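> Okay, sequence plus prediction incoming.
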Amino acid sequence: MGGNMAPSLWALVAYIAVILLWNVKLKRNIGEAMGVGWIVVLLFGGSNIGGLFLKSVAFASTTETVYAAQAFVLMAYIMTKTGLVNRMVDILNSALGRLAGGAGYIATCASAILGLVSGSGSGNAASVGSVAIPWMQKSNWPKDLPATVIAGNAGLGADLPPSSSMFLLAGMAVISSQVSMGQLYMALLTAGAWTFVYRLMLIYFFVKKYHIRPVPEELIKPFRETMRNGWTSLLMFLGIIIPVGLTMGPVGSYLESVKSFGLQP
């Protein structure tokens, strides 16, 4: 067993090194960098590179965590392409844009909302950042701070369930044997809520320190208009409310009892 550890460790080192080189040094896309890193890891299989390729594809295709991560990124992509994110951000801008540092509060709230639905950090940063960063730049935020805020807020995608980290924890025997999925969801939701509050406190600190202004008035649409045009974006919360309502609380307990009764001989 010890003899097999060295190649595995070297493969991990090579994988990380290639990603850093490809993404940081060559300024290439992170997805592309991870793909190149995967090819480099396959080279460690030597003559068995074909078998290693098939096993890695099969493993990734049948692993819940990988599937969840892909599904969350796809969800964020769909929400962006269909304009749901933009309409939701417009509503937040109508409500919060006139506050000092409003763009920062909008970015944080939008990241939390998107995190609840998509669970993707990268999708979160790309979707919200494309809208919020220009607003932050136009309201007196220091040059490098908007990108830092967006990157920090992206973590809400992993902190707020459901997320890939939730499925990873649920798949651990030591955790699944002690808590139910509902209990795990509530624990992660509580931790995510604290993270969200902390991010809002951080925005407040930046606003006071750098004397940041509200979003320019010409960028703020009337609340009635944004609600009329974008109320349908709020329906995406049904994707959270319905599954949670069916698996937790009184409804979840009732359905579980009916299921257990039906399985009895």
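Nice, I can see it.
> Would you point out the helix or strand in the chain whose mean pLDDT is lowest?
Ranking every helix and strand in the chain by mean pLDDT, DSSP states H and E puts helix 249-263 at the bottom, with a mean of 62.
> Does residue 132 touch residue 105 like I think?
No: Residue 132 is beyond contact range of residue 105, at 9.9 Å (criterion: CB atoms under 8 Å). Every C-beta, even on glycine, is put in place using the N, C-alpha and C of the backbone.
> When those two are compared, which one has more neighbours?
Neighbours per residue (other CB atoms under 10 Å) separate residue 132 from residue 105, with residue 132 holding more: 26 against 23.
> low pLDDT regions in the stretch 101-250 of the chain?
118-120, 164, 167-168, 171, 239-240, 243-250 (pLDDT under 70).
> Mind jotting down where the helices sit in it?
Remark: helices assigned in the stretch 101-250 of the chain by DSSP state H, counting those that start in this stretch are 102-118, 121-137, 145-154, 156-159, 164-170, 173-176, 181-210, 223-230, 238-247, 249-263.
> and the nearest residue to residue 188 once chain neighbours are set aside, how many neighbours?
Closest residue to residue 188 apart from its sequence neighbours, by CB to CB, 6 or more residues apart in numbering: residue 161 at 4.3 Å. By the criterion of other CB under 10 Å, residue 161 has 24 neighbours.
> circling back: minimum distance to residue 23: which of the helices of the stretch 101-250 of the chain has it?
Smallest distance to residue 23 across the helices of the stretch 101-250 of the chain (CB to CB): 12.2 Å, for helix 121-137.
> domain parsing for the chain?
As assigned by automatic domain parsing, the chain contains the domains 2-62, 66-242.
> Just put these in TSV and tack on distance to residue 257.
Shown next, in TSV, are the domains of the chain (distance: least, CB to CB, whole Å):
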stretch	distance to residue 257
domain 2-62	31
domain 66-242	14
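> what's the most buried one of these?
Among the domains of the chain, domain 66-242 has the highest mean neighbour count (mean count of other CB atoms under 10 Å), at a mean of 18.
> if we can go back for a sec, mind checking which of the helices of the stretch 101-250 of the chain is nearest residue 44?
For residue 44, the closest of these is helix 164-170, at 24.6 Å, according to CB to CB.
> hang on, the earlier thing: surely the residue nearest to residue 188 and residue 189 touch.
Yes: counting by CB under 8 Å, residue 161 touches residue 189, with 5.7 Å between them.
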